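Participant: Show me how the following folds:
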Amino acid sequence: MADHDRRQPGGGYNNRKRRYRDDDDHDRRPQRRRYDAPLPVRIRKQLLGLAESPLRRWHEEVQSIAHVVADNYEDQELRTSFLELVPQMVVEQPLKTPFVAAVVLVINSLKPDILSDLLTRVAGATEEKIKVGEWRDVKLYLKFLACLQSCLEGDGLFPLLEELFSRAGDLQTASSDDTIGTELVKIILLTISYIMATAPTRWQQKASELLDKTDIIASEPHALQVLIDPYHAEEGEESPTANMSLIGLLQKQLQTEALNGWELSCLPRPWQMPPEEIEQQEKLDNAQKHALPSISIPEKVVAGPRPLFPEIYFSVYVNQEIESVPPVSSIASSLIRDGLLDTINILHFNRGVTARFLIDVDCYFAPGTFVKRATPFDRLRDIEGDRSTWKPEDVAVDAVFSQIFALPTPEHKLVYYHSVLTEACKIAPAAVAPSLGRAIRYCYQNTHLLDLELCYRFLDWFTHHLSNFGFMWKWTEWVDDVNLPNMQPQKAFILGALDKEIRLSFAQRIKGTLPEPYQALIGPEKEQDTPEFKYNDDRTPFAAEGKEIAALLKRKAPEDEIQPVIDRIHHAALDQSIDPLVSSTDVFMTAVCWVGSKSLSHVLACIERTKDRLLDAGAASDAARAQIITAVISYWSAHPGVAITIVEKLLNYSIITPSSVINWALVGDRAGPHGQALSKSWVFELVFNTVVKVTSRLRQVVSSGTSEGAEEEIAGMRELFKNMEDALVSWAQGTKDQMMDPMASDGEEDLVKRWGARWLRVFRRRSAIEEAFLLENKAASS
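Facilitator: Take a look at the predicted model:
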């Protein structure tokens with residue numbers, strides 16, 4: 001009531017607010033200062049955003065930027081910014097190259113001096129990249145120059161392409177294993193595509209002559225092609241990608257385009273103006289032509305910092321009822337894939353931007369190349385006539401999978417490609433998720449054909465991807481495979497996937513995402529965070545000593561207190577006629593695992609404290625080293641991921657050797673009886689990681705340039721691969737002792753042989769790659 005009395009009659013406060021609000025002539029609110037970005041900044045922003053929106057018309061964007069640059073080229077800051085930004089965009093945002101070229105062509109019709117400055121800069125950058133062997137940048141600069149072919153004097157780029165082919169021919173003549181020559185031919189073929197998109201009728205003769213020359217190299221399968229084929233066909237069958245060499249496909253595709261008048265229908269042509277812009281089109285057609293500055297190619301070209309290998313076209317959408325990606329008979333499959341792969345691998349520092357480019361792929365190619373985004377696959381069959389049925393999401397996903405499945409290794413770490421697919425799913429879940437689902441089904445159905453290393457990569461990606469989306473998958477689709485034998489590839493994949501999922505989460509959570517038939521695959525032991533300590537059971541041999549050593553380790557007792565217990569084990573083992581060192585090593589290592597079971601840092605601390613004793617045991621005999629591994633794997637049998645991590649740490653400490661890991665996994669029955677170890681994904685992971693550790697160390701020593709220790713490392717690596725070869729050949733040929741007993745093998749001899757052959761292929765490839773590295777290094781240093 002008192003508050004009411006204090007108010008002014010008639011609501012004076014509100015009246016005062018209203019009076020000021022209604023007084024337009026005396027607006028007393030502070031005005032925000034308007035900020036106009038400087039012209040160079042605005043032009044930069046417009047160029048960087050070129051073609052990104054499907055709502056903006058290409059020719060309007062192109063002309064808008066071109067006119068502003070031409071009108072203000074005297075501005076020193078704008079000129080410098082423009083001349084630096086264009087070459088930078090060409091090598092950083094390759095999907096936009098035709099659009100950047102269109103801006104430059106329109107500028108040339110307005111102010112030709114600008115193009116002269118730009119050509120000088122791009123030609124110089126191209127020459128520099130050729131010298132150092134940065135072949136992707138060379139390809140991207142030539143792609144840009146190819147889009148400018150219509151404003152170049154004489155034959156434009158063709159003399160440079162002829163000279164590049166001359167170098168490729170020389171390299172191929174010198175060695176059929178050469179990869180620089182095939183890379184040069186790929187660059188030539190891709191560049192021809194963009195030249196012919198600018199003026200197909202004018203350059204037909206030149207293009208045909210060059211294609212006749214490249215056919216010699218492009219049509220010949222490379223010596224390394226068999227090793228890097230993503231499929232490992234069964235004996236007597238042909239690989240699905242046997243004839244899918246990238247340069248071979250490009251050659252055939254361009255020959256088909258030549259017969260069809262160089263339609264190149266997927267490529268955008270933003271330099272072609274609509275009918276209402278006839279005046280601008282005439283200016284473009286009659287614009288001044290420029291001489292291409294000289295680009296010299298050294299007599300001896302180098303491979304550069306990135307290892308070069310022949311490329312095979314891989315797709316997870318082959319043999320579908322309806323084409324959702326360009327077929328390999330179409331040049332679009334190579335040109336679109338090339339642009340996407342360059343984008344993915346160049347923008348590795350920003351997965352979000354990369355994913356956005358993939359989602360917007362339809363903005364950067366000709367209208368009608370793709371169907372509308374997020375069109376369901378089932379709706380593609382309703383598309384009538386000759387209209388495209390290519391889904392932009394499928395094309396983008398296919399490109400990323402081609403990198404995940406690239407052999408021998410992709411350009412970047414696999415986790416980067418995982419993250420790109422995750423980001424794409426988050427940006428456009430309704431569009432990308434169904435495409436990923438079909439890709440997963442294809443890979444799963446072909447696990448028996450895929451190269452074993454690629455099967456493991458697929459398993460790794462699949463589980464990582466599910467972990468980002470609540471571990472949800474339609475497991476009911478594969479429910480019939482749950483009852484298959486564990487050595488069947490599909491069942492082995494399911495077991496490996498569940499193990500990986502549990503590593504990324506915990507058993508109870510994963511169980512909750514699985515249908516009933518899968519529940520039995522996750523035993524109760526996987527739900528325990530800490531495995532049982534076997535010496536707590538008094539019936540276990542050396543139970544008393546095991547508990548005593550564990551207690552001593554737990555209270556960090558000195559070595560002189562542990563030794564008497566070890567001596568007791570040795571005496572008891574001798575009385576029982578068993579190896580005393582193996583017995584004491586088993587007890588001691590198991591106790592170390594139990595004491596350190598709380599976390600990885602705990603077990604590392606425990607290994608660090610007992611390192612001297614473990615080093616002595618490991619150095620004493622092969623059997624003791626094998627027992628160290630057995631103790632770790634046995635203790636963590638329900639969680640092999642933890643065991644692998646511990647074994648890798650033991651390798652780092654040199655407590656065990658790489659050869660002991662290989663022998664443990666492949667020579668005997670320790671990792672699984674009768675060859676079953678070959679089907680276990682964690683065994684492959686253990687062996688593969690060990691080999692990578694050895695080869696990485698070798699490369700580090702060899703690349704350092706010092707001869708000290710290099711020969712020893714090389715001999716060690718060769719011995720390791722020889723041991724693997726001997727072990728795996730006997731599995732692949734069925735001559736292993738464990739396979740001779742028909743009762744024990746349970747009729748799975750053919751499966752074991754197939755697994756052995758798949759393992760053998762992977763590690764023969766690794767060996768060949770390392771030998772090639774050593775040869776290249778020797779040639780470079782001589």
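Participant: Going by C-alpha atoms from here, please, whenever you check contacts or count neighbours.
Facilitator: Noted.
Participant: isn't Ser81 right up against Pro40?
Facilitator: Yes: judged on Cα atoms under 8 Å, Ser81 makes contact with Pro40 at a distance of 6.6 Å.
Participant: longest helix anywhere in this structure?
Facilitator: In the chain, with assignment by DSSP state H, the single longest helix is helix 749-781.
Participant: Packing partners of it?
Facilitator: helix 452-467, helix 681-703, helix 710-733 (3 or more Cα pairs under 8 Å, 6 or more residues apart in numbering; DSSP states H and E).
Participant: wait, which of those helices is closest to Glu384?
Facilitator: helix 452-467 (35.2 Å; Cα to Cα).
Participant: what element comes up after the closest one heading to the C-terminus?
Facilitator: With elements assigned by DSSP states H and E, the helix or strand that comes after helix 452-467 is helix 489-504.
Participant: about what we covered before: who has more neighbours, Ser81 and Pro40?
Facilitator: More crowded of Ser81 and Pro40, by other Cα atoms under 10 Å: Pro40, with 20 against 15.
Participant: any idea which helix or strand carries that one?
Facilitator: helix 39-48.
Participant: got a list of contacts for the helix or strand following that helix?
Facilitator: The element immediately downstream of helix 39-48 (helix or strand, assigned by DSSP H and E) is helix 58-71. For helix 58-71, the external contacting residues (Cα atoms under 8 Å, 6 or more residues apart in numbering) are 43, 46-47, 50-51, 78-79, 99-100, 102-104, 106-107, 110-111, 114, 270-274.
Participant: Buried residues, whichever strand or helix holds Pro564. List them.
Facilitator: Using DSSP H and E, the element containing Pro564 is helix 559-575. Buried residues in helix 559-575, defined by neighbour count with 16 or more other Cα atoms under 10 Å: 562, 565-566, 569-570, 573.
Participant: May I ask which two of the residues you listed are separated the most?
Facilitator: Maximum pairwise distance in the buried residues of helix 559-575, criterion Cα to Cα, is 16.9 Å, between Ile562 and Ala573.
Participant: tally of neighbours for the closest residue in space to Val479 that isn't next to it in sequence?
Facilitator: Nearest residue to Val479 in three dimensions, chain neighbours excluded: Pro517, at 6.9 Å (Cα to Cα, 6 or more residues apart in numbering). Using other Cα under 10 Å, Pro517 has 13 neighbouring residues.
Participant: quick one, phi/psi of Leu152?
Facilitator: phi -100, psi 140 (degrees, to the nearest 10).
Participant: Helix or strand next in line after the helix holding Pro564, which one?
Facilitator: Later in the chain than helix 559-575, the nearest helix or strand by DSSP H and E is helix 580-595.
Participant: neighbouring contacts of that following helix?
Facilitator: 531, 533, 542, 545-547, 549-550, 553-554, 566, 569-574, 602-603, 606-607, 617, 623-624, 627-628, 630-632, 635.
Participant: Could you do stretch 287-307 as well?
Facilitator: For stretch 287-307, using Cα under 8 Å, 6+ apart, the contacting residues are 108-109, 112, 116, 119-120, 123-124, 126-127, 130-135, 150-154, 156-157, 160, 163-164, 167, 180.
Participant: what do you get for stretch 157-172?
Facilitator: 145-146, 149, 178, 180-182, 184-185, 188, 206, 210, 214, 217, 292, 295, 297, 299, 301.
Participant: So, low pLDDT: which residues of this protein?
Facilitator: Filtered on pLDDT under 70, the chain yields the residue ranges 1-35, 737-747, 782.
Participant: Please repeat the previous calculation with a cut-off of 50.
Facilitator: 1-25, 743-744 (pLDDT under 50).
Participant: quick one, strands of it?
Facilitator: For the chain, applying DSSP state E gives no strands.
Participant: returning to that earlier point: possible to save the helices and strands packed on helix 749-781 as a markdown table with distance to Ser781 and mean neighbour count?
Facilitator: Listed next are the helices and strands packed on helix 749-781 as a markdown table, based on distance: least, Cα to Cα, whole Å; neighbours: other Cα atoms under 10 Å:
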| stretch | distance to Ser781 | mean neighbour count |
| --- | --- | --- |
| helix 452-467 | 32 | 20 |
| helix 681-703 | 10 | 18 |
| helix 710-733 | 14 | 18 |
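Participant: what about the ones you listed, which gets the closest to Ile644?
Facilitator: helix 681-703 (5.9 Å).
Participant: and the angle from that closest one to helix 489-504?
Facilitator: Interaxial angle, helix 681-703 versus helix 489-504 (axes from the mean of the first three to the mean of the last three Cα atoms, to 10 degrees): 70 degrees.
Participant: contacting residues around Pro54?
Facilitator: Cys363.
Participant: measure it to Ala424 for me?
Facilitator: Distance, Pro54 to Ala424, by Cα to Cα, to the nearest Å: 18 Å.
Participant: Identify the spatial nearest neighbour of Thr530, chain neighbours not counted.
Facilitator: Ser597 (6.2 Å).
Participant: Test my guess that that neighbour contacts Glu532.
Facilitator: No: contact between Ser597 and Glu532 fails when scored by Cα under 8 Å: they sit 10.2 Å apart.
Participant: So between those two, which is more surrounded?
Facilitator: Taking neighbours as other Cα under 10 Å, Ser597 and Glu532 compare with Ser597 leading, 19 against 13.
Participant: phi, psi of that one?
Facilitator: According to degrees, to the nearest 10, Ser597 has phi -70, psi -10.
Participant: same question, Pro485
Facilitator: The phi/psi pair for Pro485 (degrees, to the nearest 10) is phi -60, psi 150.
Participant: Based on its surroundings, how many neighbours for it?
Facilitator: Neighbours of Pro485 (other Cα under 10 Å): 12.
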